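[1] this one's structure only:
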């Protein structure tokens, strides 16, 4: 058995617990420690991903106990998201250095890095586990660290945004635990594969439908789909920028991955009405998110609403349930993570250097911070979905899937969403490049420091690379998509 | 309008849940899947497979030890969260800390000092006997944590002069994850699986020691974290 | 309806869950919302533990002199973890409430909405 799998989860968590002890009184050490551990995790998850690409999914039995007596970790193609999680977290940690030195009180810096490492370990654990209750435990781990990180910057509204996020997250977690209890009561087991087998033999449909509906609703709340998105804009806009990147790029995707994990459990139930509901909700979310984004002046709020819109694309792809559409949804989970991280970090660099957050105040920044604005431009093109950037492939597959399923209306929705965001993109580019600065200090603003600029540029490059090399992720997740579509 | 919206939401939640739970097997039915599947093996084989008479501890530390690792990480994350969210005492309300509010009555102080050793002994007992009788690391850790909180109140130690100095406190708070890491690696070396326990007949003592080590780690870590939470919320 | 009467324990916990949900949605005070969350979580824990009960059973501690049907140990382990999670969330929520009160001077959600 390859021991990299459990260690990839355990090491960042233990390292996170050790961070305050090791870096007591030396905040600089905390960042170096966090970056080193995350680099190791990137290496470990890369090994695991290459293994699953070559030989297919594999499992690990914790403690040597076979499932369902013990906990089984199962690395399949969707778990390759762990690699993206590590890469993005690594870049966010590098970016964090200068940012948190200015944004956070010094006493909190070690705890910030500790929470980020715990967040990382929790996310990796979430995507690799094959056990329902283990899924819940890691979900809560990510949740607790996320709630705190939203409020870590201090300030009037941060604590309230974190509290609303906490209530929404805790209610959905309670619902998930309730549904896990229902499934346990029906089947006597907590292992996902085992539960899937046993659910097929249950006669009474009511509790099964309850568990399915409850878990779907709860995971959609965590993903931030319209209309249960109300916690998202404040939580994602008010937090410090590196946290915005982690939240929008990674944490909300856990809701989607949770859905991907539990839908195969209900293979025996006819899922068609559920998929129909998902497709409609996704489509509404695409349009609503894009529409709200259009009217935002604050750049971070605009990006937060754009996240809601993109989660809508992914849920729409899942709801269409064809092989093309689900591939598009899966690809977009990964690509949107890259794009949103690039956008948030670039915007954060601008806010850090200039002190302004709204489109009006940031006029003329294109000349003061050319590289950062270029990265933002690349990210914006990606999020509209222009080829050959990363955002194109996911939306293209989803639109094709809509046409294949005979629902051209949804393809129109995909296009309409892209057009609305394009309108905002034009406004943004106009303000950054072609308008005269509204504030004189804008002329004195300098480019971001290297440790902030480098991750921004790397992510922007990945946005383009993700588009050019888009065949590879498609090929990687194809077997998992086939299993999901064929079985459900 | 708002009331009707709330009523509709609650009804939308309650009705499917009630219909759903009506279809579940009756709680207490011995032939239900809950008792005939995984739990049947735990009850039949658990005691001699894990070496723990308390089957819940056997499940927590042995069969599903990974869940317990996640759980101790959540406790630590709660401490890190509180540390990251609350401001340090310097920016808090003036006069806060040990000197604020009603001073501790001498009767209360005397009783706490008198019973402290017994409480500590009971906490240690709950931790050490956790695998053969009801108890365990979490329960003992909470008892120890409560004891440390009371002593902090009585001895007047706030966040500036904590009962456990900050430098050591950080290591003690990480005790539970460290204990899991140590036992996990040890299990890897002994049995080839992370968090595995040796199952050979001659190794029962080692297995029991590993479990007790985990319990101590959980207990000490839990107690230190509770003290840390108390000091942080009070020190403001 | 008869099936629901047979599972009256489960139904009671569902009612408790919905009471907690009602408190979270309808009450304005943040501490009341937190209490509602705790009620919801307690209802879920009670539900999970009840699913592991067996007629005439005892606690799942085998030892000399213990016999008879044992309750399933798995829900007990699940709920132990769940309680720890709930306590952690409550601790963080209370600290957020402290911080909100320090910053905004009020704990009523409608007043806070206006002050944002």
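    Yep, it's here. Just so it is clear, the model here is predicted, and its values are computed rather than measured. Residues are numbered from 1 along each chain as shown, chains lettered A, B, ... in the order given.
[2] need the residues of chain C near chain A, please.
    Remark: the part of chain C in contact with chain A comprises C:17, C:21, C:24, C:30, C:33, C:37, C:40-41, C:44, C:47-48, C:51, C:74-75, C:78, C:81-82, C:85, C:88-89, C:92-93, C:96-97, C:99-100, C:103-104, C:112, C:116, using C-beta under 8 Å from any C-beta of the partner chain. Using the backbone N, CA and C atoms, a C-beta is placed for each residue, glycine as well.
[3] Sort out which of those residues are buried, if you could.
    Among the residues of chain C next to chain A, those classed as buried by 16 or more other C-beta atoms under 10 Å in any protein chain shown are C:17, C:21, C:24, C:30, C:33, C:37, C:40-41, C:44, C:47-48, C:51, C:74-75, C:78, C:81-82, C:85, C:88-89, C:92-93, C:96-97, C:99-100, C:103-104, C:112.
[4] filter these by proximity to chain B?
    Among those, chain B is touched by C:17, C:21, C:51, C:74-75, C:81, C:85, C:88-89, C:92, C:96, C:99 when using C-beta under 8 Å from any C-beta.
[5] Just give me the neighbour total for residue 49.
    I'll assume chain A. Number of residues near residue A:49 (other C-beta atoms under 10 Å in any protein chain shown) recorded here: 19.
[6] that's the wrong chain, I meant chain C
    By the criterion of other C-beta under 10 Å, residue C:49 has 20 neighbours.
[7] And residue A:5, by the same measure?
    Counted with other C-beta under 10 Å, residue A:5 comes out at 26.
[8] phi, psi of it?
    Residue A:5 has phi and psi values of phi -60, psi -60 when expressed as degrees, to the nearest 10.
[9] From residue A:47, how far off is it?
    Separation of residue A:5 from residue A:47 (C-beta to C-beta, to the nearest Å) stands at 10 Å.
[10] again, but for residue A:178
    From residue A:178 across to residue A:47, the span is 37 Å (C-beta to C-beta).
[11] Tell me which of those two has more neighbours.
    A count of neighbours by other C-beta under 10 Å puts residue A:178 above the other of residue A:178 and residue A:47, at 28 against 14.
[12] who's in contact with the more buried one?
    Counting by C-beta atoms under 8 Å, 6 or more residues apart in numbering or on different chains, residue A:178 touches A:214, B:17, C:17, C:44, C:47.
[13] Can you report how many residues neighbour the nearest residue to the second one once chain neighbours are set aside?
    Distances taken as C-beta to C-beta, 6 or more residues apart in numbering or on different chains place residue C:14 nearest to residue B:17, at 4.5 Å, with adjacent residues excluded. Residue C:14 sits with 25 neighbouring residues when counted by other C-beta under 10 Å.
[14] could you say which helix or strand contains residue C:14?
    Element membership for residue C:14 (DSSP states H and E) is helix C:8-26.
[15] contact partners of that helix?
    Outside helix C:8-26, the residues that touch it by C-beta under 8 Å, 6+ apart are A:167, A:171, A:174, A:178, B:3, B:6, B:9-10, B:13-14, B:17-18, B:21-22, B:24, B:27, C:4, C:32-33, C:35-44, C:46-47, C:50.
[16] quick check: mean pLDDT across that helix?
    Average pLDDT, helix C:8-26: 93.
[17] Now do the same contact list for the residue in chain B that chain A sits nearest to.
    Minimum separation of chain B from chain A (C-beta to the nearest C-beta) falls at residue B:20, amounting to 2.8 Å. Residue B:20 is in contact with A:182, A:206-207, A:209-211, counting by C-beta under 8 Å, 6+ apart.
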